[in-house]
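*Asks:* Have a look at this prediction, sequence included:
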Amino acid sequence: MSHKVAPSLLSADFLQLGKEVETINASEADWLHLDIMDGVFVPNISFGFPVLQAIKPVCRKPMDVHLMIVEPQKFIREVADAGAYMMNVHYEACTHLHRTVCAIREAGMKAGVTLNPHTPISLLEDILADLDMVLLMSVNPGFGGQRFIEHSVDKTYRLKRMIRERGLDVLVEVDGGVNLETGKRLIEAGADVLVAGNFIFKNPDPQKVISELKHI
Ligand code: DX5
Ligand code: ZN
């Protein structure tokens, strides 16, 4: 199975959001990645549910929503109503992660759990079988355009091995500092989904960059 590409709207031109979503619609992107930040879990605030609601009728790609917020379990209904395909919550933000994952699935979405760069994959041992995806952060969450943390390649490899050893069907997504060079190494290490923000939207031809990432 070929890997997926999920452009992160965080690096798009917010004055032209409709146009930017249309650019993604007409591209080879598989999903649209949407980053919600609360200024508490991460030191930045991005956009919230009204923006997701506005994007919903225009977006023709499955919406991959990444919540960088405390207590994400409080907003499962809002994320589902906004039409999300995948809801990603941070391991570090969930005290009752199993309950939250079950509630996400009951709301009709796929469930993803995100790990910060310092959080070991071993902590997923007793939840992995209940997940649709693990999102590995390859930068500290909160901002686009940061430098890729090298350790993420080995972490991707080890996570993929852990999933295969258990015979599970769980995707591995990697987010932060992805470009053609880091993306290639992540794919070789077993990544199933590449998120990229700056690398796509800061290029004059985002569709070409998406195609290049898709055909690594
Ligand atoms: C960072 C976000 C990312 C971000 C990636 O906290 O989760 O999705 O948009 O941006 P780049 O690809 O620019 O590192
Ligand atoms: Zn993200």
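*Replies:* That came in fine, so what should we check first? Numbering: from 1, shown residues only. Ligands and ions are numbered 1, 2, ... in the order given.
*Asks:* what about the closest residue to ligand 2 within the chain, how many neighbours?
*Replies:* Closest contact between the chain and ligand 2, by Cβ to the ion, is at H66 (3.7 Å). Using the backbone N, CA and C atoms, a C-beta is placed for each residue, glycine as well. Neighbour count for H66, taken as other Cβ atoms under 10 Å: 27.
*Asks:* Which phi and psi values does M86 adopt?
*Replies:* Main-chain torsions, M86, degrees, to the nearest 10: phi -120, psi 130.
*Asks:* Give me the pLDDT for it.
*Replies:* We have a pLDDT of 98 for M86.
*Asks:* Specify the beta-bridge partners of it.
*Replies:* When assigned by DSSP bridges, M86 has beta-bridge partners D64, K110.
*Asks:* was I right about it contacting V79?
*Replies:* No: using Cβ atoms under 8 Å, M86 is not in contact with V79; the gap is 9.6 Å.
*Asks:* list residues touching both of those two?
*Replies:* Common contacts of M86 and V79, defined by Cβ atoms under 8 Å, 6 or more residues apart in numbering, comprise V65, M109.
*Asks:* and stretch 185-196, which residues are buried?
*Replies:* R185, L186, I187, A189, G190, A191, D192, V193, L194, V195, A196 (16 or more other Cβ atoms under 10 Å).
*Asks:* Looking at these, which two lie furthest apart in space?
*Replies:* Using Cβ to Cβ, the buried residues of stretch 185-196 reach their maximum pairwise distance at G190 and A196, which is 17.6 Å.
*Asks:* Does ligand 1 have contacts with stretch 188-205?
*Replies:* Yes: with Cβ under 6 Å from any ligand atom as the criterion, ligand 1 is reached by stretch 188-205 at V195, A196, G197, N198, F199.
*Asks:* Give me the distance between the longest helix anywhere in the chain and the centre of its chain.
*Replies:* Once the chain is assigned using DSSP state H, the helix that runs over the most residues is helix 151-165. Remark: helix 151-165 is offset 17 Å from the chain centroid, using Cα atoms, centre = their mean, to the nearest Å.
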